[in-house]
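[1] build me a model from this:
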Amino acid sequence: WPCAVTVTARALECKGHTVDGWTIALAVAVMLVGLAGTILPVIPGLAVVWVAALGAWLVDGWGGHAWVTMVVLTALLVAGSAAKYVMAARAPSEDAVSTRARLLAAVLGIVGFFVVPVVGFLLGAVLGLYLGERTTGAGHPDAGRRTAVVVKRFGMGMAIESLAGVLMVATFLLVAVLA
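    Next up is the predicted model:
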């Protein structure tokens, strides 16, 4: 370790800088909710993680290490958030879904969110993609294949977004304990 970490009942101390243990614990608890938000569409995942880190630094004291950490967390926030949408949009031209299917996916996703809590958004969106492709004249095999491609790419985007969230939490913890 670059420094000796002393853990007391209420604080972590490293190189003379004391970070309140309760501040870190609360920030990490909120960050875990944010990580759940990378999977659940109800919670703006990475934004929650970023705000938790910002709040912790504002409560604990804003030093040079906090600025650097927030720049890194902002870069991870932007990259992780963009990945979800870029991955879903990138499909070979023969697998591209129609605008009608995308609109129907959005509408049924919103309806599904209210009809079936938590997973309804995803179920509605997938159903909307499939039905939208069917209304354009695509047969069952083509509509199913195109829907599967979008779902797979969206899943990859969610995985990248989740990884970005884990990296954000790890960065925060590393700097909070060692800085």
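[2] all strands of the chain, in order?
    All strands of the chain, identified by DSSP state E, fall at 6-7, 11-14, 17-20.
[3] any idea how far Leu173 is from Trp50?
    In this structure, Trp50 and Leu173 are 14 Å apart, going by C-beta to C-beta, to the nearest Å. For every residue, glycine as well, the C-beta is placed using N, CA and C.
[4] give me the nearest residue to Thr135, chain neighbours excluded.
    Sequence neighbours aside, Arg100 is the residue nearest to Thr135 in space, at 6.3 Å (criterion: C-beta to C-beta, 6 or more residues apart in numbering).
[5] what about the nearest residue to Ala56 once chain neighbours are set aside, neighbour count?
    Spatial nearest neighbour of Ala56, chain neighbours left out: Ala27 (3.8 Å); criterion: C-beta to C-beta, 6+ apart. By the criterion of other C-beta atoms under 10 Å, Ala27 has 24 neighbours.
[6] need the longest helix for the protein.
    helix 140-178 (DSSP state H).
[7] now do it, average pLDDT.
    For helix 140-178, mean pLDDT is 88.
[8] list the buried residues in that helix.
    143, 146-147, 149-151, 153-154, 157-158, 160-162, 164-165, 167-169, 171-172, 175-176, 178 (16 or more other C-beta atoms under 10 Å).
[9] can you map out the helices along the chain?
    21-37, 45-60, 64-89, 99-115, 120-135, 140-178.
[10] could you say what helices and strands the last one packs with?
    With contacts defined as 3 or more C-beta pairs under 8 Å, 6 or more residues apart in numbering; DSSP states H and E, helix 140-178 has these neighbours: strand 11-14, helix 21-37, helix 45-60, helix 64-89, helix 120-135.
[11] wait, what's in contact with the residue nearest to Ala56?
    For Ala27, the contacting residues are 52-53, 55-56, 172, 176, by C-beta atoms under 8 Å, 6 or more residues apart in numbering.
[12] nearest to Gly132, of these?
    Among the contacts of Ala27, Ala52 lies closest to Gly132 (C-beta to C-beta), at 37.2 Å.
[13] list the contacts for Leu32?
    Taking C-beta under 8 Å, 6+ apart, one finds Val169 in contact with Leu32.
[14] do you know the pLDDT at it?
    pLDDT, Leu32: 94.
[15] also Leu46?
    At Leu46, pLDDT is 93.
[16] so what's it up against?
    So Leu46 contacts 34, 37-38, 76-77, 80-81, 161, 164-165, 168 (C-beta under 8 Å, 6+ apart).
[17] if we use 7 Å, what do you get?
    34, 38, 77, 80-81, 161, 164-165, 168 (C-beta atoms under 7 Å, 6 or more residues apart in numbering).
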